[in-house]
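Peer 1: let me see the structure of the following:
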Amino acid sequence: MAPRKQVRAGAKKGPAKKARAAKRQPPPAKAKLPPRAARRAAAVKAAKKGARAPAAAPRNPTQIARAWLNRFSRALTAGNGKAAANCFVADCYWRDLVAFTWNIKTMEGHDAIAKMVNARAAEVKPSKWAVEGQAKRGDGVIEAWITFETAVARGRGHLRLMGGKCWTLLTTMVELKGHEEPSGTRRVMGAEHGATHDRRNWLEKRKAEEESLGITKDPYVLIIGGGQGGLGLGARLKRLGVPTLIIEKNAKPGDSWRKRYKSLCLHDPVWYDHMPYLPFPDHWPVFSPKDKIGDWLEMYAKVMELNFWGSTTCDSASYDEEKKRWTVHVTRNGQPVTLHPTHLVLATGQASVPVMPSYPGMETFEGEQHHSSAHPGPDAYAGKKVIVIGSNNSAHDICGALAEAGADVTMVQRSSTHVVKSNTLMDVGLGALYSEQAVKNGIDHNTADLIFASLPYKVLPQVQIPAYKEMARRDADFYERLKMRGFMLDWGDDGSGLFMKYLRRGSGYYIDVGASEMIADGTIKLKSGVSVKEIRPHSVVFSDGSELPADLIVYATGYSSMNGWAAKLISQEVADKVGKVWGLGSNTTKDPGPWEGELRNMWKPTKQENLWFHGGNLHQSRHYSQFLALQLKARKEGIPTPVYGPAEVYHKS
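Peer 2: Numbers count the residues shown, from 1 in each chain. Below you'll find the predicted structure:
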């Protein structure tokens, strides 16, 4: 082999060696251009190559929200659950009200979101995602209202983005395509112009409907309960053209309010309490007196043309699995009637079947005793000695009214109660969404409902805790005076206050409209931290050995789960099949786990086919009646409604 040539120092290198040497050298440093100049240079370079210039990164909140929707929409169109889930932050929530799941369900975390998308996207066919108005940025979060469509419906939702990914997503069904409500430009003409043989005017048609539904024609939906819940749902179904009959044990709409104790007023403010379609006028009092609400509900039923049977009780109901319909036996004005609705809705109220305790010696008591639900008011008890067992809303209201009427009243507090002053609750707890100021800020009650619904129940306690800490700070003197009287206070198991107590257990609180002050100043006497040991002919004996005389005992001892009505009207078997109604599975007092993420069995399909539960406070009845009505309408029209993720039954009551 020929010897290699030695390269002398300083000798010129050949072309090949120059190339190899160049490869070993680091590239020359590039001048760093300002961001705008760099983008311009990249665009010029791309244009010279005939390529398309890279799009500028979105800069304002609306652009960022649109970019996210585009990315999310592509994942949904592809039916790619993993890609859809990757559009969310790790700790994320997608709450769906009927639009995707034909259910009321919250998907928590990537796995739950991916699973739902894989199961439902192909059939739902979501499309036309758009930002409604302008997105807003605050505290590191971008919020946007969104609209979309599915194969069968139009929807609206709400989006919260953090760092370009989604934290919370709300999707709700607004209307079914081809079955829109006849409102606005779709309203009916009313007048029939021209010559028509055998013309019937509006009154004749209305009477014909009233005389046929339930008599010669079965309703598609039978609603048991004619309070605000039943009436609001009836109005929704009426607008959707679903034949619906409401039955109520009282004679007239609103009687369930008129018959309550004299001093009763709503504890929630007017902005929170509107009925569907017909908000209260702007002169309406902040807190509605019971008889005023009763008159409003009677007017509402008439104006909304609801088919309402008063003085009607439901005696029994059974479901025919083959015919897919109910047989319901009712008594109307003393006469038996049999109905065969397809769907049965129990709108008997979240406060359902009264719980009457059983104490030794109750049968020996020679005075008067009754549950708070049957309390007639204070007028007959001036100068009487009254013991009220219980310390929540009803107990406080009844004690306050009795004390004002001149009765000698003692409240028996068996366990701690959460108390919040009404004015403070309105200001700190509700003011941002439900107040005159909120309305001036452009947040009407329908918008407020969606904002509230956009917060998943898992997140809600952390939102509520700071508010209730502020309430405790503002009213510290008030709470100290109650404690000095021996009143046992709490703020919920985790300090999240009234609304979480309401959602978790439906009890354990009082919104103070005056009775707490009467306890603090001694006008209402207090016996706390004891239980009832025995009832004697003229007195009550307590667990500490003390004894108090009594002419009247009021048992303000609460109500059982709403499925108590299912047991009473249908069967215990069906009640057990459905399971507990209300509660979130928070594993707090009276709300056993496991976590469920939504209120049990409310406004959505239950384990008993064609049986539904509807109720809650006026806000919930108004808001969720929309989604229950859409579910029922879809079934009437034969639209497929495959329910995704029906809840398991963990508790019978």
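Peer 1: what about the strands in the stretch 301-450 of the chain?
Peer 2: Assigned by DSSP state E, counting those that start in this stretch, the strands in the stretch 301-450 of the chain fall at 308-309, 312-320, 325-332, 335-339, 343-346, 368-371, 385-389, 408-413, 418-421.
Peer 1: just for this protein, where's the confidence low?
Peer 2: Within the chain, the stretches with pLDDT under 70 are 1-58, 195, 350-352.
Peer 1: centroid-nearest residue for it?
Peer 2: For the chain, residue 620 is the residue whose C-alpha lies nearest the centre (C-alpha atoms, centre = their mean; 4.7 Å).
Peer 1: all strands of the stretch 551-653 of the chain, in order?
Peer 2: Counting by DSSP E, counting those that start in this stretch, the strands of the stretch 551-653 of the chain are 552-555, 611-613.
Peer 1: what's the closest of the ones you listed to residue 275?
Peer 2: When those are compared by C-beta to C-beta, strand 611-613 sits nearest residue 275, at 19.3 Å. Placement of C-beta: from N, CA and C, glycine included.
Peer 1: what helices and strands are in contact with that closest one?
Peer 2: Other elements packing on strand 611-613 under the criterion 3 or more C-beta pairs under 8 Å, 6 or more residues apart in numbering; DSSP states H and E are strand 343-346.
Peer 1: which elements pack onto the strand it packs on?
Peer 2: Judged by 3+ C-beta pairs under 8 Å, 6+ apart, strand 343-346 is in contact with strand 221-224, strand 325-332, helix 563-569, strand 611-613, helix 618-636.
Peer 1: and the first one, C-alpha only, in PDB?
Peer 2: Extracted as PDB, the C-alpha positions of strand 221-224 are listed here (Å, rounded to 0.1, in the frame of the first residue of the first chain):
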ATOM      1  CA  VAL A 221     -96.900  13.000  30.500                       C
ATOM      2  CA  LEU A 222     -98.600  13.000  33.900                       C
ATOM      3  CA  ILE A 223     -97.100  15.300  36.500                       C
ATOM      4  CA  ILE A 224     -98.000  14.600  40.100                       C
END
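Peer 1: can you tell me what sits against the next helix or strand after that strand?
Peer 2: Note on strand 221-224: by DSSP states H and E, the next helix or strand toward the C-terminus is helix 228-239. By C-beta atoms under 8 Å, 6 or more residues apart in numbering, the residues outside helix 228-239 that reach it are 181-183, 221, 223-224, 244, 246, 248, 253, 275-277, 293, 297, 300-301, 304-308, 345, 347, 349, 614-616, 618, 621-622, 625-626, 628-629, 632-633.
Peer 1: closest one to residue 486 among the strands of the stretch 301-450 of the chain?
Peer 2: strand 408-413 (8.2 Å).
Peer 1: got the CA coordinates for the closest one in CSV?
Peer 2: Output of strand 408-413 as CSV, limited to C-alpha atoms (Å, rounded to 0.1, in the frame of the first residue of the first chain):
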residue,chain,number,x,y,z
ASP,A,408,-94.1,31.1,75.2
VAL,A,409,-91.8,29.3,72.7
THR,A,410,-88.9,26.9,73.2
MET,A,411,-86.8,25.6,70.4
VAL,A,412,-85.2,22.2,70.9
GLN,A,413,-81.9,22.0,69.0
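Peer 1: picking up where we left off before, for the residue nearest to the centre of the chain, give its distance to residue 439.
Peer 2: Look at residue 620 and residue 439: by C-beta to C-beta, to the nearest Å, they are 20 Å apart.
Peer 1: what's the answer for residue 124, then?
Peer 2: From residue 124 to residue 439 the distance is 35 Å (C-beta to C-beta).
Peer 1: give me the more crowded residue out of these two.
Peer 2: Neighbours per residue (other C-beta atoms under 10 Å) separate residue 124 from residue 439, with residue 124 holding more: 26 against 15.
Peer 1: settle this for me: that one is touching residue 96, isn't it.
Peer 2: No. Between residue 124 and residue 96 there is no contact under C-beta atoms under 8 Å: 10.0 Å.
Peer 1: pick the most deeply packed of the strands of the stretch 301-450 of the chain.
Peer 2: The highest mean neighbour count among these, using mean count of other C-beta atoms under 10 Å, belongs to strand 343-346: a mean of 26.
Peer 1: for it, which strands pair with it and how are they oriented?
Peer 2: Taking DSSP bridges as the criterion, strand 343-346 forms sheet pairs with strand 221-224 (parallel), strand 611-613 (parallel).
Peer 1: list the contacts of it.
Peer 2: With contacts defined as C-beta under 8 Å, 6+ apart, strand 343-346 is touched by 220-225, 230, 233, 317, 319, 326, 328, 562, 565-566, 569, 610-614, 628, 632, 635.
Peer 1: try 7 Å this time
Peer 2: Contact with strand 343-346 is made by 220-225, 233, 317, 326, 328, 562, 565-566, 610-614, 632, as judged by C-beta atoms under 7 Å, 6 or more residues apart in numbering.
Peer 1: roughly how far is it from the heart of the chain?
Peer 2: 19 Å (C-alpha atoms, centre = their mean, to the nearest Å).
Peer 1: list the contacts for residue 252?
Peer 2: 298, 310.
Peer 1: could you check how far it is from residue 292?
Peer 2: The gap separating residue 252 from residue 292 is 15 Å, by C-beta to C-beta.
Peer 1: mind checking which helix or strand residue 196 is in?
Peer 2: Short version, using DSSP H and E: residue 196 is in no helix or strand.
Peer 1: neighbours of it, how many?
Peer 2: Neighbours around residue 196, by other C-beta under 10 Å: 8.
Peer 1: what residues does residue 107 make contact with?
Peer 2: 94, 113, 116.
Peer 1: just put those residues in CSV and tack on distance to residue 495, secondary structure and neighbour count.
Peer 2: What follows is the contacts of residue 107, written out as CSV (distance: C-beta to C-beta, whole Å; DSSP: H, G, I helix; E, B strand; the rest coil; neighbours: other C-beta atoms under 10 Å):
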residue, distance to residue 495, secondary structure, neighbour count
94, 27, strand, 25
113, 30, helix, 23
116, 32, helix, 22
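Peer 1: quick check: residue 332 vs residue 315, distance?
Peer 2: From residue 332 to residue 315 the distance is 11 Å (C-beta to C-beta).
Peer 1: again but with residue 270, I slipped
Peer 2: Applying C-beta to C-beta to residue 270 and residue 315 gives a distance of 37 Å.
Peer 1: look at the spatially closest residue to residue 159 that is not a sequence neighbour and tell me its secondary structure.
Peer 2: Spatial nearest neighbour of residue 159, chain neighbours left out: residue 144 (4.7 Å); criterion: C-beta to C-beta, 6 or more residues apart in numbering. Under DSSP: H, G, I helix; E, B strand; the rest coil, residue 144 falls in the strand class.
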